[in-house]
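Colleague: I would like the atomic coordinates for the input below:
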Amino acid sequence: MHFLDTPMSWQELDARPIPSWYTDAKFGIFIHWGVFSVPAWRSVNDEQFGSYAEWYYASVYGDYRSSDPDFHARTYGEGTTYRDLAEGFTAELFDPQQWARIFAGAGAKYVVLTTKHHDGYCLWPTANPHKAGWNSGDVGPRRDLYGDLTEAVRAEGLRMGMYYSIPEWETHRSHRVEGGYFIPEADAERFGLDPETYPAEVLWPQWQELNETYRPSVVFTDGGEWDFPEEYTRTREMLTWLYRDAPHGDEVVVNDRIHRGMPGTHGDIFSTEYQDVDGFGAAHPWEESRGIGKSYGYNRAEQLEDYLEAEELIRLLVQTVAGGGNLLLNVGPTADGRIPLLQQERLRDIGAWLDQHGDAIYGTTIETRLEALGEVQLTRKGDHAFALLEEPAGAVFRLRAAHPAQEWAATDLVSGEQLTVIRHDDGRLEIPAPSGQGLRTVRLSPTHR
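Modeller: Numbering: from 1, shown residues only. Below is the predicted model of the structure:
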């Protein structure tokens, strides 16, 4: 990959306008899928990030934060390496068109797949010589999983993105781990690459290969923020090439996890994960990601109570959008290529709600003319405000208008019923909640006299 001698400055990169498609989309689907989907196991606990089954290589096969020290040997036998599991990643039931229909039916506007997680396994038949025998074209499915899904997703009118891990556990040590490696050192010594040449021989060539071949609309980077200085990743050069020279430079958005110190400072979008930090409001575009349960990768250890109900997921979507962010909700498919039925059901229920209430979600911004007095979420589109609430039918919900003299008309978004608005001199508005169950939406329109 050839870098420009004069990359854009951070001032120039930070001033890049974010493509409007992204801020309008509001809801996307994340997919964590790979060799870790074969064991699909990590004991569930309440520790932050402690139930992630996609961390099997480090936390079940290895002993990093492990609660399952004997699971791998007991299940697969002594001497079976993590890499040996790749042949079980068959994806024989993978139907990309069905997946794309499920995601479109959920009301999502974009999809992001793990092209390469921290284990280094690639979900496309990469030409990189260091990945021979460790990609979906050579071992496991023996097909281009990312390419097939990209084609199907775009056929449904959605945008396709990619997740790409900046570090690889087999190659890189981390200050976060006693002993240096997330995985057993024997595996790192056997399979790892020279970390000094890794950027030039793997990171940068694959950055170019993925972007030129598949033209993703979203690039979700991860892990570089743990240890890597900017000089190692050459982040500005990577982004300058992407925005100036890549064929999709005008539409792509990139998050903030390429190097140490980048999160919340640089990037088209700032990432939060299981609400580990507060959102960024109107200060900067941001995105909350999480699984339906406590893991991104499919985890057979999860029980029904570990999954959020559809109403909880809808509430999270509403809260995120009202706070100025997007929600990237994860599904974890099985090794044979199925999206678990409970996860499908959750997506179906979200889609049914968005079919009726999507006008209050898509293309909206933060509402600043009205303040919620109580458990009400507000969004704005044009002149209209939307109040999303769970008050019982007929109960009164209250708002406060920034301009007390302004009059407002209120309508139940679903039924079209006109609702009475009582306006007080101090700007308080009292409005009866519409009939129905769950989260309901009232459209508020300023009246001009």
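
Colleague: am I right that residue 356 sits in a helix?
Modeller: Yes - Residue 356 sits within a helix when classified using DSSP: H, G, I helix; E, B strand; the rest coil.

Colleague: excluding sequence neighbours, find me the nearest residue to it.
Modeller: Among residues not flanking residue 356 along the chain, residue 414 sits closest, at 5.1 Å (Cβ to Cβ, 6 or more residues apart in numbering). Heads up, the C-betas are built off the backbone N, CA and C, glycines and all.

Colleague: same question for residue 440.
Modeller: Per Cβ to Cβ, 6+ apart, closest to residue 440 is residue 434, 5.3 Å.

Colleague: contacting residues around that neighbour?
Modeller: Taking Cβ atoms under 8 Å, 6 or more residues apart in numbering as the criterion, residue 434 is in contact with 393, 412, 414-415, 417, 419, 440, 442.

Colleague: distance of the spatially most central residue of the chain relative to residue 413?
Modeller: Among the residues of the chain, the one closest to the centroid is residue 328, at 3.5 Å (Cα atoms, centre = their mean). Separation of residue 328 from residue 413 (Cβ to Cβ, to the nearest Å) stands at 25 Å.

Colleague: one more: residue 254?
Modeller: 34 Å.

Colleague: just to revisit the earlier point, how many other residues sit next to the residue nearest to the residue nearest to the centre of the chain when sequence neighbours are not counted?
Modeller: Excluding the flanking residues, the one nearest residue 328 by Cβ to Cβ, 6+ apart is residue 289, at 4.1 Å. Neighbour count of residue 289, defined by other Cβ atoms under 10 Å: 22.

Colleague: relative to residue 233, how far out is residue 289?
Modeller: 21 Å.

Colleague: kindly report the same for residue 63.
Modeller: To residue 233, residue 63 is 28 Å away according to Cβ to Cβ.

Colleague: comparing these two, which residue is more hemmed in?
Modeller: Per other Cβ under 10 Å, whichever of residue 63 and residue 233 has more neighbours is residue 233, with 22 against 15.

Colleague: pLDDT score for residue 6?
Modeller: Reading off the confidence values, residue 6 has pLDDT 88.

Colleague: that one - that's part of a strand, no?
Modeller: No - Residue 6 is assigned coil when assessed by three-state DSSP, not a strand.

Colleague: that one: neighbour count?
Modeller: Residue crowding around residue 6 was assessed by other Cβ under 10 Å; the count is 8.

Colleague: returning to that earlier point: check the residue nearest to the centre of the chain and give its pLDDT.
Modeller: At residue 328, the pLDDT value in this model is 98.

Colleague: and residue 387, by the same measure?
Modeller: Here, the pLDDT recorded for residue 387 equals 97.

Colleague: could you list the domains of this structure?
Modeller: Domains of the chain are assigned by automatic domain parsing as 10-360, 367-447.

Colleague: so which of the ones you listed is the most surrounded?
Modeller: Of the domains of the chain, the one with the most neighbours on average (mean count of other Cβ atoms under 10 Å) is domain 10-360, at a mean of 19.

Colleague: low-scoring stretches of the chain, by residue?
Modeller: 1-5, 449 (pLDDT under 70).

Colleague: what about 50?
Modeller: Applying pLDDT under 50 to the chain picks out no residues at all.

Colleague: using CSV, list the CA coordinates for stretch 186-199.
Modeller: Taking C-alpha atoms only, stretch 186-199 is exported to CSV below (Å, rounded to 0.1, in the frame of the first residue of the first chain):
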residue,chain,number,x,y,z
ALA,A,186,3.0,-21.4,22.6
ASP,A,187,0.3,-20.5,20.0
ALA,A,188,1.7,-17.0,19.6
GLU,A,189,5.2,-18.4,19.0
ARG,A,190,3.8,-21.0,16.5
PHE,A,191,1.4,-18.8,14.5
GLY,A,192,2.4,-15.2,15.2
LEU,A,193,4.1,-12.8,12.8
ASP,A,194,6.8,-10.3,13.3
PRO,A,195,5.0,-7.4,15.0
GLU,A,196,7.5,-4.9,13.5
THR,A,197,6.6,-5.9,9.9
TYR,A,198,2.9,-6.6,10.6
PRO,A,199,1.6,-3.1,9.6
